[in-house]
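Student: Attaching a predicted model along with its sequence, questions to come.
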Amino acid sequence: MDQDLPGGVRLIVGVDETPAARWALAWAIGTARLRRMALVAVHVSRAPVHPFPEALPVQHAIRSGEEARCGEVIAGVFEDVAGGLPEDLHTVMVSRVGDPGYHLVDLAREGDLLVLGRSRRGLLSRMFLPSTSMYCARHAKTTVVIVQQPTPPDEPEMSEDRSRRFWSRRHD
């Protein structure tokens, strides 16, 4: 699924099946069109694989299967967000296995734009799975844009009145 990556300035977007990643992809498609940039969609599977899959034929098969699944994830998210790959953009899909933050930072060159979604995660999830967006913000040598998933209509944000009451109770 890895094609030759385009030269020049690129917009690299991390893609997975979360709502936040879908928002990030929609933002990335619009920005790539506006700035006439090549779009590189990346999905990294966290599947545990041996660091040298060539040494073990079974591990090589697992890695190949995961990379194929990554391509399916990217295609599915593009289908949901844009009705398929945008024909007016030079789009490349990249599939990797390993740590998402590491691979995204590795792909992004100086001058590129790296776009990620930021989802709402619980405390337990944050403790056991490090934040990819925070890793990229700390380590990337390029501009990082983190797209916040909007608040759903059934979960209104805390109003100023509620916030004041909450804090006044906490400090009494």
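Tutor: On my side now, so go ahead.
Student: Show me which positions of the lengthiest helix in the chain end up buried.
Tutor: Looking across the chain with DSSP state H, the single longest helix is helix 57-82. Neighbour counts over helix 57-82 (16 or more other C-beta atoms under 10 Å) mark 59, 62-63, 66-67, 69-71, 73-75, 77-78, 81-82 as buried. Quick note: C-beta positions are derived from backbone N, CA and C, even for glycine.
Student: Next: stretch 104-120.
Tutor: In stretch 104-120, counting by 16+ other C-beta under 10 Å, buried: 104-105, 107-109, 112-119.
Student: What of stretch 18-32?
Tutor: Buried, per 16+ other C-beta under 10 Å, within stretch 18-32: 18, 20-29, 31-32.
Student: all helices for the protein, in order.
Tutor: 19-35, 57-82, 100-107, 123-128, 132-139, 160-170.
Student: Pull out the CA atoms of stretch 109-124 and give them to me as CSV.
Tutor: Extracted C-alpha coordinates of stretch 109-124, given in CSV (Å, rounded to 0.1, in the frame of the first residue of the first chain):
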residue,chain,number,x,y,z
ARG,A,109,9.8,16.5,6.9
GLU,A,110,10.5,20.2,7.6
GLY,A,111,8.0,22.3,5.8
ASP,A,112,5.3,19.6,5.8
LEU,A,113,2.0,20.0,7.7
LEU,A,114,1.2,17.2,10.2
VAL,A,115,-2.5,16.9,11.1
LEU,A,116,-3.9,14.8,13.9
GLY,A,117,-7.3,14.4,15.6
ARG,A,118,-7.6,14.8,19.4
SER,A,119,-10.3,12.6,20.9
ARG,A,120,-11.7,12.6,24.4
ARG,A,121,-10.1,9.7,26.3
GLY,A,122,-10.7,8.5,29.8
LEU,A,123,-8.0,8.5,32.5
LEU,A,124,-7.4,4.7,32.2
